[in-house]
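Participant: Below is the sequence, then the predicted model.
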Amino acid sequence: MTLFLSDLHLGRGTAEESRAAERDAVALLRTYEEQILEEGGALYLLGDVFEQYMEYKYLVPKGFARLQGLLAEWTDRGIPVTYMVGNRDPWHLDYFERELGVRIVHETLDETAEGLLIHVAHGDGLVPHEWFYNRIRRLLRNRFVARLYRMTLPGDSAFALARWVVRRFGSEGSSHEVTVEALRRYAEAALSRAETELVVLGHCHRGACIPMAGGAYLNPGYWFADRTFGYLDSSGPALFRWSGGRAEPLAPSESASHLALVS
């Protein structure tokens, strides 16, 4: 079996809210750990794992060591972990790969999971109406620009500026419905090309598991607020919610409905 988690946004809200989001994520992964190991499964983190992430050559952001320790344990035991960077956490260097054994992917990914051809991405850069972000996305992800930012500002100042920018410009309000629809249409287009059987995206904070012509579209949803996640095994994809220390499958109608619309 393979798990998909997206939009944990660790560092958002109060300190206790972020600790709870991390604590529940660790509990979820511990619950499925032995099954994934026995069945040869994997874990995909679909971006915006952190509210902000900015790695320096010799320094990494503090906090959320429990989740990172678990990821290191999993890769040490041979469980593949893939981290698709998002719009909030693109400035990774080599810490996750070198120290934790986690594969970092900066754009889209096409490969096989549970016998299906899957197409995986965070989802930023795929939404036409996010025109301002789409224009600066390449600049924000440029290695030279990132290096210049790190060299210009010390760590605390760099993070303070990043937090201010997120709070000031991070929400797009009523455009969320357009984002949800744009990602659904992207999934339809990808499946129509017959090059994939399952499209997995995050970003819009709306959990979904929707059968489509040629396959299915899975969005794990907004872990920080909704505790939803994606699940894939030989029977196909499904959407679950972690509640009360256990995973609860969502009904098909709920899987395709609104869960959260907060950026």
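Facilitator: Perfect, thanks for sending it.

Participant: so the closest residue to residue 110 other than its chain neighbours bridges to which residues?
Facilitator: Nearest residue to residue 110, sequence neighbours excluded (Cβ to Cβ, 6 or more residues apart in numbering): residue 119, at 5.3 Å. (Glycine included, C-beta is placed from N, CA and C.) Note on residue 119: beta-bridge partners residue 110, residue 199, judged by DSSP bridges.

Participant: Just give me the neighbour total for residue 119.
Facilitator: 22 (other Cβ atoms under 10 Å).

Participant: Would you confirm that it contacts residue 188?
Facilitator: No - using Cβ atoms under 8 Å as the test, residue 119 is too far from residue 188 to be in contact (11.9 Å).

Participant: what's the single longest strand in the chain?
Facilitator: The residue-count maximum for a strand in the chain (DSSP state E) belongs to strand 236-243.

Participant: Check which residues of it are buried.
Facilitator: By neighbour count with 16 or more other Cβ atoms under 10 Å, strand 236-243 contains the buried residues 236, 237, 238, 239, 240, 241, 242.

Participant: Stretch 26-39 too?
Facilitator: Neighbour-count burial for stretch 26-39 flags 26, 28, 29, 32, 33, 36 (criterion: 16+ other Cβ under 10 Å).

Participant: Likewise for stretch 46-62?
Facilitator: Using 16+ other Cβ under 10 Å as the test for burial, stretch 46-62 gives 46, 47, 48, 49, 50, 51, 52, 53, 54, 55, 60, 61.

Participant: wait, what's in contact with the fourth one?
Facilitator: It refers to residue 49. Residues in contact with residue 49 (Cβ atoms under 8 Å, 6 or more residues apart in numbering) are 5, 8, 9, 10, 83, 86, 89.

Participant: again with the last one
Facilitator: The neighbourhood of residue 61, defined by Cβ under 8 Å, 6+ apart, consists of 50, 52, 53, 54, 55, 159.

Participant: immediately after the longest strand of the chain, which helix or strand?
Facilitator: strand 246-249 (DSSP states H and E).

Participant: Identify the neighbouring strands of that next one in the sheet and state each direction.
Facilitator: strand 236-243 (antiparallel).

Participant: Residues contacting the strand it pairs with, please?
Facilitator: Residues contacting strand 236-243 (Cβ under 8 Å, 6+ apart): 24, 27-28, 198, 200, 207-209, 216, 218-221, 226-232, 247-250, 254-255.

Participant: Just the buried subset of those, written out for PyMOL, thanks.
Facilitator: With 16+ other Cβ under 10 Å as the criterion, this PyMOL line picks the buried residues out of the contacts of strand 236-243:
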select buried, resi 24+28+198+200+207+208+209+216+218+219+220+221+226+227+228+229+230+231+232+247+250+254+255
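
Participant: now, which of the contacts of strand 236-243 lie within strands?
Facilitator: Short answer: the contacts of strand 236-243 in strands (DSSP E) are 198, 200, 208-209, 216, 218-219, 228-232, 247-249.

Participant: Can you tell me, leaving aside adjacent residues, what's nearest to residue 149?
Facilitator: Residue 149 sits nearest to residue 158 (Cβ to Cβ, 6+ apart), 6.5 Å away.

Participant: Which of the contacts of residue 61 lies at the shortest distance from residue 180?
Facilitator: Proximity of the contacts of residue 61 to residue 180 (Cβ to Cβ) peaks at residue 50, which lies at 22.8 Å.

Participant: Could you check how far the closest one is from residue 218?
Facilitator: The spacing between residue 50 and residue 218, counted by Cβ to Cβ, to the nearest Å, is 22 Å.

Participant: same check, this time on residue 130
Facilitator: Taking Cβ to Cβ, one finds residue 130 at 21 Å from residue 218.
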